[in-house]
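Asks: have a look at this prediction, sequence included:
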Amino acid sequence: MAFVEYDLACPKCDSSDAYAIDDKGWGKCFSCNSNIPPEQNGAETVSTVQDSRVAFLNRQSSRTGQYSSSQGTSGGYSASNGVVYRDMRDRKLDIPTLQKYGVGFRGTDIVFPYANDAAAKVRIGGEKKFKIEGEWNTTPSLFGQERFSSGGKRVLCVEGEFDALAAYQMLGYKYPVVSVRNGAQSALNDCKNNYEWLDSFDEVTFFFDNDTAGQDAQAKCAELFSHKSFTITPSNNLKDACEYMDGHQKAFVDAFWRAERWTPDGIVAGSSLYDAVMKPINKADVMYPYDGLNKLTYGIRQGELVTVTAGSGLGKSQFLREIVWHILQNTTDNIGLMFLEESTRKTGLSLMSLAADKPLHLPDCESTQEEKDSAFEQTLGTNRVFLFDHFGSSDVDNIVNRVRYLAKVVGCNYIFVDHISIIVSAQNNGDERKAIDEIMTKLRMLVQETGVSLICVSHLKRPESKGHEEGAATSLAQLRGSGSIAQLSDMVIGLERNGQADDATERNTTRVRVLKNRFCGITGKGCSLLYDLRTGRMNEFNEQEEAEKAL
């Protein structure tokens with residue numbers, strides 16, 4: 001059933017334009033809901049009403065501005081059969097727009113034809129419910145595609161049929177506008193199925209709904225056409241082209257002409273970076289505890305991955321603890337400690353030793369309960385230090401998950417992992433290079449994801465000549481693995497000490513060397529640290545000055 005006469009006066013109520021007659025001769029009033037049989041409408045026969053349909057609608061066109069559709073094809077499905085064109089005042093769509101796309105009314109349903117009327121999407125009774133008619137699955141064209149010639153300067157692709165109608169009208173009926181068939185979820189496949197037609201235009205512009213699904217689909221479709229893709233950025237929090245019809249038509253036209261050329265993820269136009277480059281450069285979030293090291297590195301920054309490396313037994317863990325204690329004293333940030341070669345008790349006591357200036361972790365250290373309590377309150381008792389009890393769980397995924405937990409749940413801005421070599425030994429693949437690559441890649445991604453400062457320890461390969469325990473210099477080439485530690489770290493700091501020297505000062509002196517510095521590029525020796533056996537501290541000192549004093 002389809003209505004063939006509209007905007008008539010109702011014989012049952014006072015309405016002057018709510019009455020319509022269908023192709024069977026029945027009358028329907030959309031004001032009082034009356035139903036009038038054919039004999040009371042003066043309809044001679046059903047066939048007479050159907051045969052006179054086109055003539056009647058042509059008469060109506062001169063009186064009300066309505067137009068009839070074509071008769072469609074004979075002998076098969078045609079979306080245009082029974083369709084009448086009239087303004088959609090609620091959507092501000094006019095008859096020329098609707099005629100262009102063949103969109104009209106069949107009773108209270110709205111018909112959106114596809115593929116030269118071979119199929120249609122029908123919006124039922126004005127509700128947001130649809131049914132499909134005709135050869136839908138065998139005609140995968142975009143909505144409106146057959147209404148425009150292929151090729152030309154530009155085409156606009158939107159997410160819905162009403163959006164296509166609105167955009168075409170706002171652009172002055174000048175430019176081809178098409179829509180994907182089933183919203184964002186099918187957009188990429190729809191564009192692939194009609195790639196050649198879209199690609200025939202010099203520019204393919206996309207404007208999908210301003211929501212997560214729409215913008216994700218828009219990015220995927222734009223990537224499909226690469227260099228010739230453009231995207232429209234929504235303005236004034238408007239969702240789609242239909243919303244622009246409500247008093248924002250000029251804004252839509254402006255947005256269309258300001259469409260931005262699509263760029264792949266990670267590619268940023270330099271012209272968009274003005275605000276970013278004009279911000280003051282953050283020198284550091286906290287400094288290292290040693291002036292010489294700060295002169296080369298400018299301190300510690302969140303969002304950086306720092307690797308500390310040295311030979312075995314040369315004070316890497318103590319060096320990290322000095323940094324932890326310094327951060328505790330100079331910030332209010334939380335700190336995560338993952339010292340994988342020692343128990344949480346040993347890590348806690350060693351940290352307390354720095355606050356007490358006594359090696360509380362050693363059995364022969366004399367200290368009072370008051371000193372221990374004070375050291376505890378300054379370190380573990382601050383509720384800012386979180387330790388990882390790693391017993392039996394040092395595989396890479398477990399470590400990565402704990403780092404993420406410390407960063408996102410506990411809120412640690414500084415996390416220490418000592419050391420990644422023990423994680424490698426927990427892997428089952430037997431390939432050290434591959435395991436190190438995997439660990440460093442995942443840790444690098446975590447830093448990018450969370451923005452924490454991650455400071456890790458890595459062992460070195462043994463040099464061909466004297467070993468690092470005898471004071472051999474450190475270098476990036478001695479890092480274990482395939483080079484991923486050097487490549488993925490923002491900063492690499494090497495520690496050098498001759499632990500076998502006869503001279504006590506030499507034996508307890510650690511030289512700190514910056515091997516890589518992505519922040520400013522300055523490398524070389526940063527400072528010298530002397531380990532105090534009495535206090536258990538690593539203190540910075542000037543070797544040249546001390547040597548001159550000894551003369």
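Replies: Sure thing, it's come through. Note that the structure is predicted; figures quoted are calculated from it, not measured.

Asks: please count neighbours and contacts with C-alpha atoms only from this point.
Replies: OK.

Asks: and for stretch 292-306, what's in contact with it?
Replies: Residues outside stretch 292-306 that contact it (CA atoms under 8 Å, 6 or more residues apart in numbering) are 283-288, 413-414, 444, 447-448, 450-456, 488-493, 512, 514, 517, 519-520, 522-523, 526-527.

Asks: where are the low-confidence patches of the stretch 101-250 of the chain?
Replies: 126 (pLDDT under 70).

Asks: need the strands for it, in chain order.
Replies: Applying DSSP state E, counting those that start in this stretch to the stretch 101-250 of the chain gives strands spanning 104-106, 109-114, 119-123, 130-134, 152-158, 177-179, 201-207, 229-231.

Asks: write a ChimeraX command that selects only the buried members of the contacts of stretch 292-306.
Replies: Remark: buried members of the contacts of stretch 292-306, expressed as a ChimeraX selection using 16 or more other CA atoms under 10 Å:
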select :286,287,288,413,414,444,447,450,451,452,453,454,455,456,488,489,490,491,492,493,512,514,517,522,523,526,527
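
Asks: show me what contacts residue 453?
Replies: 300, 301, 302, 303, 304, 305, 306, 413, 414, 415, 447.

Asks: ranges for the helices of the stretch 251-400 of the chain?
Replies: Along the stretch 251-400 of the chain, counting by DSSP state H, counting those that start in this stretch, helices occupy 274-278, 291-297, 316-330, 344-356, 369-378, 396-408.

Asks: contacts for the first one, please.
Replies: Yep, that's helix 274-278 we're talking about. Residues contacting helix 274-278 (CA under 8 Å, 6+ apart): none.

Asks: repeat for the fourth one
Replies: Defining contact as CA under 8 Å, 6+ apart, one finds that helix 344-356 is touched by 321-322, 325, 339, 359-361, 371-372, 374-376, 378-380, 387-389, 535-537.

Asks: just to revisit the earlier point, pick the most deeply packed of the strands of the stretch 101-250 of the chain.
Replies: Most buried of those by mean neighbour count (mean count of other CA atoms under 10 Å) is strand 177-179; its value is a mean of 28.

Asks: on that earlier part again, scan the contacts of residue 453 and report the most crowded one.
Replies: Per-residue neighbour counts (other CA atoms under 10 Å) across the contacts of residue 453 peak at residue 305, which has 27 neighbours.

Asks: who does the residue lying closest to residue 110 once chain neighbours are set aside form a beta bridge with?
Replies: Leaving aside its sequence neighbours, residue 110 sits nearest to residue 123 (CA to CA, 6 or more residues apart in numbering; 5.0 Å). Under DSSP bridges, the beta-bridge partners of residue 123 are residue 110, residue 130.

Asks: contacting residues for the spatially closest residue to residue 194 that is not a sequence neighbour?
Replies: Spatial nearest neighbour of residue 194, excluding adjacent residues (CA to CA, 6+ apart): residue 141 at 6.4 Å. Applying CA under 8 Å, 6+ apart to residue 141 gives the contacts 114, 115, 190, 193, 194.

Asks: what about the helices in the stretch 1-150 of the chain?
Replies: Counting by DSSP H, counting those that start in this stretch, the helices of the stretch 1-150 of the chain are 38-41, 46-51, 53-64, 95-101.

Asks: centre of the chain to the shortest one, how far?
Replies: Right, the one you point to is helix 38-41. Centroid separation for helix 38-41 versus its chain: 63 Å, with CA atoms, centre = their mean, to the nearest Å.

Asks: check stretch 254-266 too.
Replies: The chain centre lies 18 Å from the centre of stretch 254-266; the measure is CA atoms, centre = their mean.

Asks: residues of stretch 136-154 that come out buried?
Replies: 140, 141, 142, 143, 144, 145, 147, 150, 154.

Asks: would you mind giving the domain segments of the protein?
Replies: Annotated domains of the chain cover 140-279, 291-550 [automatic domain parsing].

Asks: do me a favour and get the end-to-end distance for the shortest one?
Replies: In other words, domain 140-279. End-to-end distance of domain 140-279 (CA to CA, to the nearest Å): 50 Å.

Asks: name the nearest residue to residue 227, ignoring sequence neighbours.
Replies: For residue 227, the closest residue by CA to CA, 6+ apart turns out to be residue 262, at 7.0 Å.

Asks: burial check on the one you found, number of neighbours?
Replies: 20.

Asks: what's the closest non-adjacent residue to residue 190?
Replies: Residue 190 sits nearest to residue 180 (CA to CA, 6+ apart), 6.0 Å away.

Asks: ok, now which ones touch the closest residue to residue 143 other than its chain neighbours?
Replies: Spatially, and ignoring its direct neighbours in sequence, residue 143 is nearest to residue 179 (5.0 Å; CA to CA, 6+ apart). The contact partners of residue 179, taken as CA under 8 Å, 6+ apart, are 142, 143, 144, 157, 158, 159, 160, 161, 163, 164.

Asks: tell me how far residue 153 lies from residue 503.
Replies: Taking CA to CA, one finds residue 153 at 81 Å from residue 503.

Asks: same question, residue 350
Replies: 26 Å.

Asks: more neighbours, those two?
Replies: Neighbour count, other CA under 10 Å: between residue 350 and residue 503, residue 350 has more, with 22 against 10.

Asks: tell me the spacing between that one and residue 372.
Replies: The spacing between residue 350 and residue 372, counted by CA to CA, is 12 Å.

Asks: make a PyMOL selection of the buried ones in the contacts of helix 344-356.
Replies: To isolate the buried members of the contacts of helix 344-356 in PyMOL, using 16+ other CA under 10 Å:
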select buried, resi 321+322+325+339+359+360+361+371+372+375+376+378+379+380+387+388+536+537
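
Asks: so what's residue 259 closest to, chain neighbours aside?
Replies: The nearest residue in space to residue 259 (CA to CA, 6+ apart) is residue 232, at 4.6 Å.

Asks: the stretch 451-551 of the chain: strands as residue ranges?
Replies: If DSSP E, counting those that start in this stretch is used as the criterion, the strands of the stretch 451-551 of the chain fall at 453-459, 491-496, 509-517, 524-532, 537-541.

Asks: could you export these as TSV, including mean pLDDT and distance to residue 128?
Replies: As requested, the strands of the stretch 451-551 of the chain are exported to TSV (pLDDT from 0 to 100; distance: least, CA to CA, whole Å):
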stretch	mean pLDDT	distance to residue 128
strand 453-459	90	51
strand 491-496	91	57
strand 509-517	91	59
strand 524-532	90	69
strand 537-541	90	72
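
Asks: in JSON lines: the ones you listed, plus distance to residue 238.
Replies: Conversion of the strands of the stretch 451-551 of the chain to JSON lines gives the following (distance: least, CA to CA, whole Å):
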{"stretch": "strand 453-459", "distance to residue 238": "39"}
{"stretch": "strand 491-496", "distance to residue 238": "45"}
{"stretch": "strand 509-517", "distance to residue 238": "46"}
{"stretch": "strand 524-532", "distance to residue 238": "55"}
{"stretch": "strand 537-541", "distance to residue 238": "60"}
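
Asks: mind checking which of those is nearest residue 270?
Replies: Of all the strands of the stretch 451-551 of the chain, it is strand 509-517 that lies closest to residue 270, at 24.8 Å by CA to CA.

Asks: surely residue 118 meets residue 81?
Replies: No. Between residue 118 and residue 81 there is no contact under CA atoms under 8 Å: 11.1 Å.

Asks: okay, those two: which has more neighbours?
Replies: Per other CA under 10 Å, whichever of residue 118 and residue 81 has more neighbours is residue 118, with 20 against 17.

Asks: gap between the more buried one and residue 109?
Replies: 18 Å.

Asks: still on that earlier bit, what's the residue nearest to residue 194 sitting at in phi/psi?
Replies: Torsion angles at residue 141 (phi, psi; degrees, to the nearest 10) stand at phi -70, psi 160.

Asks: how near is it to residue 533?
Replies: Using CA to CA, residue 141 is found at 81 Å from residue 533.

Asks: now do residue 544
Replies: In terms of CA to CA, residue 544 sits 21 Å off from residue 533.

Asks: kindly report the same for residue 119.
Replies: From residue 119 across to residue 533, the span is 88 Å (CA to CA).
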